[in-house]
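Colleague: I would like to see how this sequence folds:
(chains A and B)
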Amino acid sequence: MFQNFRQQLPSLDDRHTRRAVMSGIASSTLGVSLLSPWTRVLEAAPAAGTKTAKNVIYFYMGGAMSHIDTFDPKPDNADVQGDVGTIATKTPGVQFGEHMKNLADLQDKLAVVRSMTTETADHGKGRYWLQTSYPVLNSIRHPSMGSWIVSPAGLGKKPNSDLPPFVLVNSNGNGHPGAGFLDPSLTPVPVANAEKGIENLELPSYLSDKAFKRRLDLADRLDAKFKQRYAGYQIESYNQMYKDAVRLMGSKDLEAFDLEKEKTEVRDRYGSSSIGQGALLARRLIQSGVRFVEVHYGGWDMHNNVADGMANKGTEMDQAVGSLIRDLASSGLLDETLIVLTSEFGRSPGINVNAGRDHHPAAFSYLLAGAGIKGGAVYGKSDDRGHGVDEDPVGLTDFNSTITVACGLDPFKQHFAPNGRPFKIGGGGDPIYDILTVS
Amino acid sequence: MTDVHNRYIPRTALCVIGLIAVSTACLLSSLHAAPSPAIRAAMARKRAEKQKNLPSRLPEAVRDQAAGAPFDVAPLDTSVAGREAVAKAATTIDEMLQHEWSQAEVAPRPRLDDEQFIRRAYLELGGRIPRLEEVKVFASQQRSSKRQDLVDKLLTSPDYVSHFYNFWADILRLKERPDKQTLVFEPYMSWVKQSIADNTPYDEWVFAMLTADGTLWDNPAVGYQLRDRGMPLPYIDNTVRVFLGVQIGCAQCHDHPFDRWTQKEFYELAALTSGTRDRQFGGGPKTPAMGMQMMGMQAGAANARGLFQELQEARKKRAVPVAAIQFLRLNNTAVNFKQASLKLPHDYQYDNGEPEDVVQPSVLWGTIPEEFTAADRRTQFAGWLTSHDNRQFARAIANRLWKKMMGVGVVEPVDEFQEGNIPILPELLEHLTDEIIRLDFDTREFIRIIAATDAWQSQAVVYDASGAEPYLFTAPSLKRMTAEQLWDSMLTLVAKNEWAFQRPTAEEIKDVAAVDMTTVSYDSFVKQWESFNEKYGRGYQKHIRQVAGYKDQVLVRASELPSPAPANHFLSQFGMGDRDSIQSSRQDATVPQVLTMLNGWTTHTMLERGSVIYDNVVDQKSADRAIETIFRSILARRPSLGEERIAQQELSSAETPAAGCGNLIWGLLNTREFMFIQ
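Modeller: Numbering: from 1, shown residues only, chains lettered A, B, ... in the order given. Sure thing, here's the model as predicted:
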């Protein structure tokens, strides 16, 4: 369907220069800086005529989502396809797994990448690589895409918002690379349960604001010596979290976290699943000044009974993401919001003795929609069994660099970690220009 | 905030008590600036006494100090010779380290003073901060062996069992319900605790897990094999990773891209355990795991099959919940081994074999020890893996325990030994490996030795993996408490009894869960299911709430709480592992953690009447003593002069001295010093 993108690219240097002129203000020094995104008010204005993303809603399907049962079915090979059927999408000739009813209907707004490939079948490592664009190393912790995007080197925090720039939904943040070596203030604020929002925001009834300030001040004075003696990233992170927590307690926008403010029919439309309510929360947060929302939805590690699992998880995911895209499209927000759906890798074409599918990193599918993305696109091709990539392989850094470009950022600009090592937002891969409306 | 919590808020507001805010009856109110005549003090004391005797809202079981010890722990060799051996082994390690430091011109760290030592010892060996009385006793001791005495005491305490259970639970992925077929896992979880209490030698312990046969309640060690039931290849991957510290998982699908392992080697190893079954009836390798249609020809199988069919019919009519069928599956769960061949995958792509070839079993390195060559293949695998001659088995556990104590492994990550991950000090690693072999895999004795080193007894280092300064184990790295350490420490300040209940043992589960499937009738099976559900299913949650519930929390040690904890539970918030991936616990900072510390129940519960710290502070007769009590309870140390001044000022300028004490407690709990282990 597409030519090999690698042959169409201008030389790296050309792009670098062009991008550098366009984005202009990107900071190139990182690490623990005085310029926290909480205080940042400047925002990179996108060049006229382009529609790059101002917000990102990023769905992560934990456990490794089957590509064959979602976005890359193989109806011609019954032994591969198994018990999950297929349905036609809005784009002629393109089929999805049978539970992707809403997304099939929205295919004209989506780009599907069917030639994803990675090098590990370990959940933890795969997830880290996806989230940071780099493999796990002992000596450094890389920032997640979300932290990069909300950093001063990325899009920064939105002006006039006192909500955190990066929120993680349906996760308590454990195992998330977070801000990595960037400023701790770029750590995502986790919301463990979308329906409960953020808990413990209010002072206990007996404590006045004044008494609270007094206590904070007392704690600071008693801790001064310890903080000084053990100064370093760990202590600094907690110092920052204390500042952020107190700031959040006083935010005027906390209603954004309260799903009760939505009508029942809206909540039902997204579905009562955690991804449904998470998608709705993501929309509210984007509308209220959060830049990057990452919604987690686990349970895809379907070693047993993949057909049952798909009927359940697949349907819920389709309903949630489909409702979100429709909502954003009708409010116009889809033009400035990038939607991403990923998983650490795919699942095996062969169905195992437990009617499940096992880990499969050689070929799988991701989804993009919204700002900067060509609707109706299908990029890359897996072989007829969904086992390997036949055309246009896309690695994790290629995919993440595509996100970088969709956000109007330079995927080849170098940013330096505190230890002096250079990094690029998205890992310096080749963006998939064929599915981008911006470059 | 949950409904349960909300219900309590009005009541809390009504009976604002004790240290929370204004307390007219508290003794400390007599500490107002104005001079107080003796008689006023006496009256105040009387009022305070009365106040203290008012009923606390904390559950009785949590306040009952007289509860017995939850575990009998195997004794240590505390003879003079035993102690000398420990000291000598510790000195050897210290000398090795000191040699390295002088070579690298790294200065040693200052030794911990007694106050810092007791806090580290309790936290790292017992999983919690010391209680006030424990701090006092330790401070008052004069003998030169007091540190060794304390270490020995802790290593034979229930705290040790609880703490090291949490450590292993994160590695072994222990959760009550690992999959839909395994309705309970407590027999195995309880067995892990018991093994720690018995101090079973590590090699025997692992061997038992890898070779166990039978039901969960008759031989709880089968839990290890059941954790990956139905997944023979991930089972091998996980086992090699946990016990040999080597990752061969990539080779499950293709030759390892960065390491030396080939897909063929992976399959050859997996072939040794091929034929491990997890069901009594049915369960040949080709049978779908969820089905029980293929019940086999064993005696009594017909009854079990009939029962299964009846249950399925009843399920269709919604007469029984799906859990009743799971209860049958639980009863059908039993591990046994019947050698089966393993074939290369259908898409095998390398020259050294054809797709679907039967694999000849083989170990990754070395040979199967002679004593096992005649045994079945699964036993051969276990014998090879745990052999004293398999040095990597010893190296992996030595490194793991070193990391547990020092915060950083000699090789990192501890479960990924490979060429690229160079040991910080290779000689040290080999020495530690020799030590664990010399000790016959007595892991507790190994920990005892590390705890006796000067390096362990020195002030923490801020470790930065990417920093320019080499880290040569001059001291443990600065650690934030694990979620469990933090929870158990907070509990220490609230509950006089941290063991309001314990999770059921294998025998207790068996009493209610075991059914003879070859004879049981449908009716009595359903009855049995109901009583099981009442006692250890749904009913169990209700039970533990009744015993130790307070607001929406259950006040008991983390090791006795349901696991994994719900996503918004304190433990999850602070990074307890999800118990699905190996060692997934984390100590990273997040905003919700801080909100919990600022506004959550935990901090405020201990300011209420009946909590340990409340009662201890109320007992004090002067502001200085109250301040000292608070510091020693929370930080296990006395305040410095400067801190004493700040605290005094707080007490005298707060609404009341009692409110000042509340502020001071809250303030100290919200310091980094509390949350970190220095």
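
Colleague: Residue A:246 falls within a helix, correct?
Modeller: Yes. When classified by DSSP: H, G, I helix; E, B strand; the rest coil, residue A:246 is found to be part of a helix.

Colleague: Which stretches in the stretch 351-500 of chain B count as strands?
Modeller: B:479-480 (DSSP state E, counting those that start in this stretch).

Colleague: For residue A:221, which non-adjacent residue is spatially closest?
Modeller: With C-beta to C-beta, 6 or more residues apart in numbering or on different chains as the measure, residue B:646 is the residue that lies nearest to residue A:221, at 5.4 Å, once sequence neighbours are left out. Where C-beta positions appear, they are placed from N, C-alpha and C, glycine not excepted.

Colleague: so what's the closest residue to residue B:253 other than its chain neighbours up against?
Modeller: The spatially closest residue to residue B:253, leaving aside those adjacent along the chain, is residue A:121, at 5.6 Å (C-beta to C-beta, 6+ apart). By C-beta atoms under 8 Å, 6 or more residues apart in numbering or on different chains, residue A:121 lies in contact with A:345, A:359-361, B:249-250, B:252-253.

Colleague: Could you rerun that using 6 Å?
Modeller: For residue A:121, the residues meeting the contact criterion (C-beta atoms under 6 Å, 6 or more residues apart in numbering or on different chains) are A:359, A:361, B:253.

Colleague: Just give me the closest of those to residue B:193.
Modeller: Top of the list for closeness to residue B:193, among the contacts of residue A:121 and by C-beta to C-beta, is residue A:359 at 32.1 Å.

Colleague: Just say helix, strand or coil for the nearest residue to the closest one once chain neighbours are set aside.
Modeller: Of all residues not flanking residue A:359 in the chain, residue A:121 sits nearest, at 3.9 Å (C-beta to C-beta, 6+ apart). Secondary structure state of residue A:121, per three-state DSSP, is coil.

Colleague: Would you state the strands of the stretch 151-300 of chain B in chain order?
Modeller: Counting by DSSP E, counting those that start in this stretch, the stretch 151-300 of chain B has these strands, from start to end: B:276-279.

Colleague: now the stretch 51-200 of chain A
Modeller: Listed in chain order, the strands found in the stretch 51-200 of chain A under DSSP E, counting those that start in this stretch are A:55-61, A:86-88, A:95-97, A:110-116, A:166-169, A:189-191.

Colleague: and the fourth one, which residues are buried?
Modeller: By that I understand strand A:110-116. Of the residues in strand A:110-116, those buried by neighbour count under the rule 16 or more other C-beta atoms under 10 Å in any protein chain shown are A:110-116.

Colleague: Spit out the contact partners of residue A:310.
Modeller: Under the criterion of C-beta under 6 Å, 6+ apart, the neighbours of residue A:310 are A:69, A:84, A:99.

Colleague: The closest residue to it other than its chain neighbours: neighbouring residues, count only.
Modeller: With C-beta to C-beta, 6+ apart as the criterion, residue A:310 has its nearest non-adjacent residue at 4.7 Å, and that residue is residue A:69. For residue A:69, the count of nearby residues is 33 (other C-beta atoms under 10 Å in any protein chain shown).

Colleague: mind checking pLDDT for residue A:69?
Modeller: Each residue has a pLDDT score; the one for residue A:69 is 98.

Colleague: repeat for residue B:181
Modeller: Residue-level confidence at residue B:181 comes out at 81, pLDDT.

Colleague: With residue A:243 instead?
Modeller: According to the per-residue confidence, residue A:243 scores 95 in pLDDT.

Colleague: Wait, a helix at it?
Modeller: Yes. Assessed by three-state DSSP, residue A:243 belongs to a helix.

Colleague: how far away is it from chain B?
Modeller: Here the distance between residue A:243 and chain B works out to 9 Å (C-beta to the nearest C-beta, to the nearest Å).

Colleague: Okay, helices next: where are they in the stretch 551-678 of chain B?
Modeller: Secondary structure of the stretch 551-678 of chain B by DSSP state H, counting those that start in this stretch: the helices cover B:570-573, B:591-599, B:601-605, B:612-618, B:623-635, B:641-653, B:657-669, B:672-675.
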